[in-house]
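*Asks:* Using only what follows, build the 3D model:
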Amino acid sequence: MKTIEFAIKMELEGQKYYLEQAEKNKENTLCEVFKRLAEEEKMHANILKKKFDSEEYELNHSTIVEDTRNVFSNLKKDFLSNEELPKQINVYREALEIEKKSIELYSKMLEESSDENDKKLFEFLIKEENKHQFLFDDIIAMLLKTDEWVEAAEFGIRKDY
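*Replies:* Here you go, the predicted structure:
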C-alpha cells in the first residue's frame with residue numbers, strides 16, 4: 001500500500017473513531033468536539049484522495065481550537081463528579097496518540113517529498129493535526145486539574161485554567 005493510501009485510510013479510521021466517541025459522549029459537551037474532529041478527518045481524507053487522483057484541492061485551515069474554547073468552561077461541570085473519569089481520560093489519551101501518529105506520518109511524507117505542492121499539503125496536514133493534538137492536550141490537562149482540585153482542595157489557591 002502506498003503511503004498516501006495509508007494516510008487516507010488512517011484519516012478515515014480517525015473519522016470513525018471520533019464519530020464513535022461523539023455517540024458515547026452525546027450527553028456532554030464533548031460530543032460536538034468529536035463531531036467536528038470527525039468532519040475534519042473526513043476533510044483531510046478527501047484532500048488526500050484528490051491528491052492521489054491528481055485532482056485540484058483546497059487547503060482550508062481549521063478553527064476548531066478557537067471554536068471549542070467554551071467546551072473547557074463546561075468540562076468541569078460535566079466531569080467534576082463523574083466516576084467515569086479514568087475511562088474518559090484513556091479515550092482522550094488514545095485520541096491524542098492517533099493525532100501524534102498522523103503528525104509523524106505527515107512529517108515523514110514531508111521529509112521525503114521533493115514537490116513544492118506536496119510539501120505545502122503535508123505542512124498543512126501537520127498544522128491541522130497539531131491543532132487536534134493541542135485540543136486533546138488541553139482536555140486531558142483540564143480533566144487532570146479537575147481531579148487534582150477535588151482531591152486537594154484544602155491546599156490553597158490553584159492556577160487559572
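*Asks:* C-alpha only now, for contacts and for neighbours.
*Replies:* Noted.
*Asks:* And the residue nearest the centre of the chain, how close does it get to residue 49?
*Replies:* By C-alpha atoms, centre = their mean, the chain has its centre lying nearest to residue 132, at 3.0 Å. Relative to residue 49, residue 132 is positioned 21 Å away (C-alpha to C-alpha, to the nearest Å).
*Asks:* Residue 63 now?
*Replies:* From residue 63 to residue 49 the distance is 22 Å (C-alpha to C-alpha).
*Asks:* neighbour count winner among these two?
*Replies:* When neighbours are counted by other C-alpha atoms under 10 Å, residue 63 and residue 49 differ, and residue 49 comes out ahead with 18 against 10.
*Asks:* Excluding chain neighbours, give the residue nearest to that one in space.
*Replies:* Computed as C-alpha to C-alpha, 6 or more residues apart in numbering, the closest residue to residue 49 that is not its neighbour in sequence is residue 8, at 6.8 Å.
*Asks:* any idea how far the one you found is from residue 21?
*Replies:* The value you get for residue 8 to residue 21, if C-alpha to C-alpha is used, is 20 Å.
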